[in-house]
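*Asks:* Here you go, sequence then predicted model.
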Amino acid sequence: MHKFWLKTLPLLIVLIFLFPSSVGLAQESSHAGPVYIVQEGDSLWEIALRFHVSQEELARANGIVNADQISIGMSLIIPGLEGIQGILTTHPVEYGENLQSLSLHYKISPLELRRLNHITSPDELYAGYSLIVPQEGISTNFGKRTSLSSGQSLMELSIVGNTDPWTLLIMNEKNNSLSVLPGEVVHAPGEEDSRSDALPINIHSVDITGLIQGETSEIQVVGDSEPSLSGSLFEHSLNFIPSANDLQTALQGVHAMAEPGLYPLTLQVNPQITPENEYSQMVLVQAGDFPYDRSLPVDPATLDPETNRTENELWSSLSSPVSPEKIWSGIFSLPVDPVFADCYSSRFGNRRSYNGGEYLYYHTGLDFCGQVGDPIYAAAAGTVVFADSMTVRGKATMIDHGWGVYTAYMHQSEILVTVGEYVEKGQLIGLVGNTGRVEGPHLHFEVIVGGTQVDPLVWLNQEFP
């Protein structure tokens, strides 16, 4: 018996390696499909969010019972992508990237990108979207960036670029010349360029910050020799102001009651000369965090719809002009004595109700504590554009600081400046009061950017631009 096992043991070992158990086969097949390699700082929830699957689906596909089980370097199967193999990663889409440009960058067809990301509409590819892409498909050289002018054919463009239409079609993964549109970025043989975005060729980069309810959005564009720029966001025209190093900046307030979600940001380059040089892409506006104030008892006369409409129209017209000169510098200073620096009776954006009514309003400014007669100071240098009494705002002052940025000071007991007067930062301009729609004495301080009220606390703590 002992000799029998000695003779058959080598044969059994060979058979085990040649024919693995059915459990091993099942385990091997369960790992078929695309995988993601866990990186430092990843959590199961964040990975699921990035790959547009639920945490439960991701855990089930990988046999994970405890979400804390994942570790750096671990391979996770991504469910719902049957037929796709390889290692996947995610790419945060930047403004200026579309399906065509990303297809060139990651060497994957637009159709496959759509399928990989379950994209049904180009609008879904907003700036900041977490795009699933193959890890190994990154290119670094896309040739020279050019574009078709209105009335120009692909043949004419190829002659100018010392190439031929077929090369252009291949480089840009196009089926025919009719699929190349005027103004569209075309990559041609020539100098090396690592950019694959679809921005007009005059624009090098676009940086966008502050897309949150009640915040100040800042759009910075770098282009060739300061091209003439215009654009729109939230149905507001963007006013770009040139500065050093071919940089142009536009500031635009995000309304505190704007619905969180996607909005088009449109840029036009030299619209008077080349109207086809326009680019538009969705950007994501995130929700702010605004509590509900208790219902405030106020004089019913200050709630009259016609009075409010008239005042709001006047306020809007006063804060609409955009001066090309930036008058302010640095962070805005406190409009009250430092003793009230952290004393607010109500913050910006708080949802409001008056006299027990519905919460149809929001607080358009920051209320500083104070008593009648306390000093009010200009938060920044500028020119006074309004200094008078109103029913709702009481005795009020508005100052223009340039670039479409204004500050306003309301409910004063006394106004100490006049329209047209230039004021310095920190100059005494009025006294705290109890006029207009108020429950008690305080200073209502507003910052208005691009015709929209924004959170003043941000301007008191952050420099723009």
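*Replies:* Happy to help now that I have it.
*Asks:* Pop out the phi and psi values for residue 60.
*Replies:* Phi and psi for residue 60, reported as degrees, to the nearest 10, are phi -60, psi -40.
*Asks:* worst-scoring helix or strand of the protein, pLDDT-wise?
*Replies:* In the chain, no helix or strand scores lower on mean pLDDT, DSSP states H and E than helix 22-30, which sits at a mean of 31.
*Asks:* Next secondary structure after it?
*Replies:* Per DSSP states H and E, the first helix or strand lying C-terminal to helix 22-30 is strand 35-37.
*Asks:* pLDDT (mean, whole number) over that next one?
*Replies:* Mean per-residue pLDDT for strand 35-37: 91.
*Asks:* Buried residues, it. List them.
*Replies:* For strand 35-37, the neighbour count (16 or more other Cβ atoms under 10 Å) marks 35, 36 as buried. The C-beta positions use only the backbone N, C-alpha and C, and glycine is treated the same way.
*Asks:* what's the answer for stretch 72-86, then?
*Replies:* Buried residues in stretch 72-86 (16+ other Cβ under 10 Å): 76, 77, 78, 79, 81.
*Asks:* same thing with stretch 448-464?
*Replies:* Across stretch 448-464, burial judged by 16+ other Cβ under 10 Å covers 448-456, 458-460, 464.
*Asks:* Sitting in strands, which of those residues do you find?
*Replies:* 448, 449, 452, 453, 454 (DSSP state E).
*Asks:* what about the protein, any weak spots by pLDDT?
*Replies:* Within the chain, the segments meeting pLDDT under 70 span 1-33, 136-141, 191-194, 225-226, 271-276.
*Asks:* So for it, the centremost residue is which one?
*Replies:* Centroid-nearest residue in the chain, with Cα atoms, centre = their mean: residue 211, separated by 4.3 Å.
*Asks:* Quick check, that residue in contact with residue 287.
*Replies:* No - counting by Cβ atoms under 8 Å, residue 211 does not reach residue 287; the two are 11.0 Å apart.
*Asks:* Let me know the closest of the buried residues of stretch 448-464 to residue 305.
*Replies:* residue 453 (19.5 Å; Cβ to Cβ).
*Asks:* how about the helices in the stretch 301-450 of the chain?
*Replies:* Under the criterion DSSP state H, counting those that start in this stretch, helices of the stretch 301-450 of the chain are mapped to 305-318.
*Asks:* what's the answer for the stretch 101-250 of the chain, then?
*Replies:* Going by DSSP H, counting those that start in this stretch, the stretch 101-250 of the chain shows helices at 110-117, 154-160, 165-171.
*Asks:* Quick check: buried residues in the last one?
*Replies:* If I follow you right, that is helix 165-171. 165, 168, 169, 171.
*Asks:* for the residue nearest to residue 176 when sequence neighbours are not counted, what are its contacts?
*Replies:* Leaving out its chain neighbours, the residue that sits closest to residue 176 by Cβ to Cβ, 6 or more residues apart in numbering is residue 169, at 7.2 Å. Residue 169 makes contact with 154, 175, 176, 177, 180, according to Cβ atoms under 8 Å, 6 or more residues apart in numbering.
*Asks:* burial count for the last one?
*Replies:* The reference is to residue 180. 20 (other Cβ atoms under 10 Å).
*Asks:* My guess is it contacts residue 174. True?
*Replies:* Yes - using Cβ under 8 Å, residue 180 makes contact with residue 174 at a distance of 5.9 Å.
*Asks:* Residue 393 versus residue 37, what's the distance?
*Replies:* 58 Å (Cβ to Cβ, to the nearest Å).
*Asks:* how near is the nearest residue to residue 376 once chain neighbours are set aside to residue 91?
*Replies:* Excluding its sequence neighbours, the residue lying closest to residue 376 (Cβ to Cβ, 6+ apart) is residue 430, at 4.2 Å. Residue 430 sits 52 Å away from residue 91, going by Cβ to Cβ.
*Asks:* doesn't residue 59 make contact with residue 67?
*Replies:* Yes - contact status for residue 67 versus residue 59: in contact at 6.8 Å, counting by Cβ under 8 Å.
*Asks:* The two: who's more crowded?
*Replies:* The neighbour comparison of residue 67 against residue 59 (other Cβ under 10 Å) goes to residue 59, with 19 against 13.
*Asks:* Would you list the phi and psi of that one?
*Replies:* Dihedral pair for residue 59: phi -60, psi -40, per degrees, to the nearest 10.
*Asks:* show me what contacts it?
*Replies:* 44, 65, 67.
*Asks:* Swap in 10 Å and give it another go.
*Replies:* 44, 48, 65, 66, 67, 69, 70, 76, 79 (Cβ atoms under 10 Å, 6 or more residues apart in numbering).
*Asks:* and if you look at residue 91?
*Replies:* 50, 97, 102, 105, 106, 129, 130, 131, 132, 133, 135, 138 are the contacts of residue 91 under Cβ under 10 Å, 6+ apart.
*Asks:* And for residue 336?
*Replies:* Taking Cβ under 10 Å, 6+ apart, one finds 343, 368-370, 374-377, 379, 409, 432, 442-443, 445 in contact with residue 336.
*Asks:* This protein - how does it break down into domains?
*Replies:* Listed domain ranges for the chain are 16-85, 144-188, 219-285, 300-459 (source: automatic domain parsing).
*Asks:* The ones you listed: which one's closest to residue 200?
*Replies:* domain 219-285 (4.3 Å).
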